[in-house]
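Enquirer: Fold the following and give me the result.
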Amino acid sequence: MKHNIILIGFMGSGKSSVGAVLARKLSYKFCDSDRLIEDSSGLTISQIFERYGEEHFRDMETQLLQDMLDNMDYTVLSTGGGMPLREQNRQLLRQLGYVVYLKASKETTIRRLKGDKSRPLLKAENFEERVDKLLAARTPLYEKAANKIIVTDDKTINQIVADIIREWSAIIKRRVK
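Expert: Numbers count the residues shown, from 1 in each chain. Prediction:
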């Protein structure tokens with residue numbers, strides 16, 4: 001396994017916020033898969049969804065992971081919420097590094113995302129019902145992809161980062177032995 005930590009989880013679970021702090025504390029590079037896709041395409045995620053559809057965006061995610069296999073090390077990667085939906089992506093994520101699922105309850109997720117108009121998959125008449133359906137479908141896939149699950153409810157970013165560093169340090173020590 002490479003020296004990468006991959007953060008997965010639903011929208012609003014804290015992947016980008018946690019990832020930036022975690023990378024800084026470990027002196028690793030920080031990457032956000034959605035930002036990388038936006039930068040390479042010149043379009044926002046919403047624009048990609050509108051122009052080409054979700055399947056095209058998922059293809060872009062898979063290609064990004066394949067491209068990272070050979071050149072990503074000592075990096076914290078924050079992924080888009082749908083990245084682990086494809087079996088191929090779950091396998092690629094595990095090849096890239098140690099996969100941590102940041103798990104937030106439905107209530108926490110709704111509180112964090114309420115009023116966020118930037119997420120194409122949450123543009124629905126009944127926002128809470130949409131979150132509930134997506135969480136129900138995605139949670140088993142996140143769990144399947146993860147090496148470690150960290151519940152983020154009622155935790156600060158620094159507490160979550162400390163949990164990840166503690167686990168990561170133990171893994172690195174085992175590798176050295």
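Enquirer: Now the helix or strand of the chain at the bottom of the mean pLDDT ranking: buried residues?
Expert: Every helix and strand of the chain was ranked by mean pLDDT, DSSP states H and E. The lowest is helix 106-113, at a mean of 82. With burial defined by 16 or more other CB atoms under 10 Å, the residues of helix 106-113 counted as buried are 108-110, 112-113. (Each C-beta comes from the backbone N, C-alpha and C, glycine too.)
Enquirer: so which of those comes closest to Y142?
Expert: Closest approach between these and Y142, by CB to CB: T109, at 12.4 Å.
Enquirer: wait, that closest one sits on F10?
Expert: Yes. Look at T109 against F10 with CB atoms under 8 Å: they come within range, at 5.8 Å.
Enquirer: shared neighbours of those two, anything?
Expert: By CB atoms under 8 Å, 6 or more residues apart in numbering, T109 and F10 have these common neighbours: L135.
Enquirer: Quick one: list the elements packing against the helix or strand hosting R138.
Expert: Element membership for R138 (DSSP states H and E) is helix 127-145. Packed against helix 127-145, as judged by 3 or more CB pairs under 8 Å, 6 or more residues apart in numbering; DSSP states H and E, are the following elements: helix 87-96, strand 98-103, helix 106-113.
Enquirer: relative to helix 106-113, how tilted is the shortest one?
Expert: Read it as strand 98-103. Per axes from the mean of the first three to the mean of the last three CA atoms, to 10 degrees, the angle that strand 98-103 makes with helix 106-113 is 90 degrees.
Enquirer: What count of nearby residues applies to Y28?
Expert: Neighbour count for Y28, taken as other CB atoms under 10 Å: 18.
Enquirer: gap between I157 and G42?
Expert: For I157, the distance to G42 (CB to CB, to the nearest Å) stands at 31 Å.
Enquirer: Compare these two (neighbour count), which wins?
Expert: When I157 and G42 are compared for neighbours, I157 comes out ahead with 15 against 8, by other CB under 10 Å.
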